[in-house]
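**Student:** test case, fold it:
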Amino acid sequence: MNGAFHEAPVEDLLRVVDLNVRSTVHLAAFLLPAMVERGAGRVLFTSSIDATMPAPYMAVYAASKAFVYSLALGIRGEVKDSGITVTALMPGPTDTEIFERSDMEDTAIAKQPRDSAEKVATDALKALFDGKDHVITGVRNKLNATANNILPDKAVAAVRGKLSKPGSAPSAE
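**Tutor:** Prediction:
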């Protein structure tokens with residue numbers, strides 16, 4: 001789902017919330033009690049580099065991924081002494097169908113280099129089995145996350161808005 005918040009059908013916005021927030025809470029609530037009882041388990045939450053920034057034209061998506069990141073770290077703190085590992089995966093642009101499904105093919109961000117899904121999955125599993133609290137995949141994404149934490153939100157939002165704005169992709173001419 002990409003585009004201006006005020007122009008989007010509320011049903012589309014809530015579908016993103018249901019997918020990224022509601023289903024994540026539901027699945028974690030279903031799985032964690034048995035892991036705690038057993039005293040072992042690993043949970044990988046899929047957040048996003050977007051959790052570290054305001055993202056015009058993707059406001060609900062970024063906010064939902066910030067929720068997932070916060071949820072993962074909160075649960076990690078709760079179960080830290082129970083034998084359970086909780087890791088938040090924070091990939092950047094990944095070579096999947098997300099740009100097509102989100103109607104983002106005409107954006108500048110869709111034209112940037114993407115990490116392979118295999119690389120993201122490998123990094124995620126390594127971080128999970130190493131017991132990391134989170135993993136940002138790819139050097140470019142790590143640099144972006146660092147910049148997002150240093151620069152004022154207004155500046156980050158301006159840059160992100162230029163990349164995510166519908167029709168922002170450079171022309172092929």
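**Student:** the lowest-mean-pLDDT helix or strand in the chain: how far from the chain's middle?
**Tutor:** Least confident helix or strand, the chain: helix 98-101 with a mean of 85, by mean pLDDT, DSSP states H and E. Centroid separation for helix 98-101 versus its chain: 14 Å, with C-alpha atoms, centre = their mean, to the nearest Å.
**Student:** give me the contacts around the helix or strand following that helix.
**Tutor:** Per DSSP states H and E, the first helix or strand lying C-terminal to helix 98-101 is helix 117-129. Here helix 117-129 makes contact (C-beta atoms under 8 Å, 6 or more residues apart in numbering) with 42, 44, 85, 87, 89, 91, 94-96, 134-135, 137-138. (Glycine included, C-beta is placed from N, CA and C.)
**Student:** quick one: those residues as JSON lines, columns for pLDDT too.
**Tutor:** Listed next are these as JSON lines, based on pLDDT from 0 to 100:
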{"residue": "42", "pLDDT": "97"}
{"residue": "44", "pLDDT": "98"}
{"residue": "85", "pLDDT": "96"}
{"residue": "87", "pLDDT": "98"}
{"residue": "89", "pLDDT": "98"}
{"residue": "91", "pLDDT": "95"}
{"residue": "94", "pLDDT": "89"}
{"residue": "95", "pLDDT": "86"}
{"residue": "96", "pLDDT": "87"}
{"residue": "134", "pLDDT": "97"}
{"residue": "135", "pLDDT": "97"}
{"residue": "137", "pLDDT": "93"}
{"residue": "138", "pLDDT": "86"}
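**Student:** with only the CA atoms kept, save stretch 51-62 in PDB.
**Tutor:** In PDB, the C-alpha atoms belonging to stretch 51-62 read as follows (Å, rounded to 0.1, in the frame of the first residue of the first chain):
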ATOM      1  CA  ALA A  51      10.700   1.100  11.600                       C
ATOM      2  CA  THR A  52      13.600   3.600  12.200                       C
ATOM      3  CA  MET A  53      12.000   6.500  10.200                       C
ATOM      4  CA  PRO A  54       9.000   8.500   9.400                       C
ATOM      5  CA  ALA A  55       8.000   7.300   5.900                       C
ATOM      6  CA  PRO A  56       5.700   9.600   3.900                       C
ATOM      7  CA  TYR A  57       3.500   7.700   1.400                       C
ATOM      8  CA  MET A  58       4.100   4.600   3.500                       C
ATOM      9  CA  ALA A  59       3.100   6.000   6.900                       C
ATOM     10  CA  VAL A  60       0.900   3.000   8.000                       C
ATOM     11  CA  TYR A  61       3.400   0.500   6.800                       C
ATOM     12  CA  ALA A  62       6.300   2.100   8.600                       C
END
